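Enquirer: sharing a model prediction with you, sequence too.
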Amino acid sequence: MKIVSTCLKSMLTVVLLYAGSTFAQTDPMVGGAPMYPTKNIVENAVNSKDHTTLVAAVKAAGLVETLESDGPFTVFAPTNDAFKKLPAGTVETLLKPENKAKLAGVLTYHVIAGRVDSNTLMEWMKKNGGTYTAKTVAGGELKFMLKGKHIVVADETGNTAKITIKDVYQKNGVIHVIDTVLLPKN
């Protein structure tokens, strides 16, 4: 009986250690920071060193309060490197107070109403012959398709962005990290 008890305790210890490590891995890392599903989009984004430009732009556009609200929102979050791909001076120009409305338009073009994870996008693409077009909060459209193993997003100007980190769940939505800034027609 003592051997059985010892074996059960050992098995329980292994199970608890495994479960603890599994739960510890559920918060994905973005920009060197864990993203907690109990925090909102802004609370998580401010901790990502890969999204400092995006956070500065969200603040300059006056969208912090919106992205802290209940949502839900699906945000396609360009990295700092994505912003660096834009023509020289573009970010600096957009961050000027007189361009606040245009900046807000560019940023809300990266947002879809609702909580849309990668599985949902895949289902919608499958049902629509391999692509899916979604309306953004800004009013424009984004087209989703599969390229190899990656979901790719095409904007209205012909740029494409690859989702590099998918399904970063937030209290008020989900973030997908992308490698290119998406731009509306105008």
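Expert: Looks like it arrived, so ask away.

Enquirer: which parts of the protein are strands?
Expert: Secondary structure of the chain (DSSP state E): strands at 29-30, 33-34, 73-78, 111-113, 131-135, 141-147, 150-154, 160-170, 173-178.

Enquirer: and of the ones you listed, who's closest to T53?
Expert: The minimum distance between T53 and those falls on strand 73-78, with 7.9 Å, by CB to CB. Where C-beta positions appear, they are placed from N, C-alpha and C, glycine not excepted.

Enquirer: pull up the pairing partners for that closest one, direction included.
Expert: Sheet pairing here is set by DSSP bridges, and for strand 73-78 it gives strand 111-113 (antiparallel), strand 173-178 (parallel).

Enquirer: which of those is buried the deepest?
Expert: Of all the strands paired with strand 73-78, strand 173-178 carries the top mean neighbour count, a mean of 24, counting by mean count of other CB atoms under 10 Å.

Enquirer: averaged over its residues, which helix or strand of this structure has the lowest pLDDT?
Expert: helix 2-24 (a mean of 39; mean pLDDT, DSSP states H and E).

Enquirer: hey, what's K143 bridged with?
Expert: On the basis of DSSP bridges, K143 takes part in beta bridges with T133, A154.

Enquirer: buried stuff in stretch 118-127?
Expert: Buried positions in stretch 118-127, judged by neighbour count with 16 or more other CB atoms under 10 Å: L121, M125.

Enquirer: show me where pLDDT drops low in this structure?
Expert: The chain contains residues with pLDDT under 70 at 1-26, 29, 32.

Enquirer: done for today, thanks.
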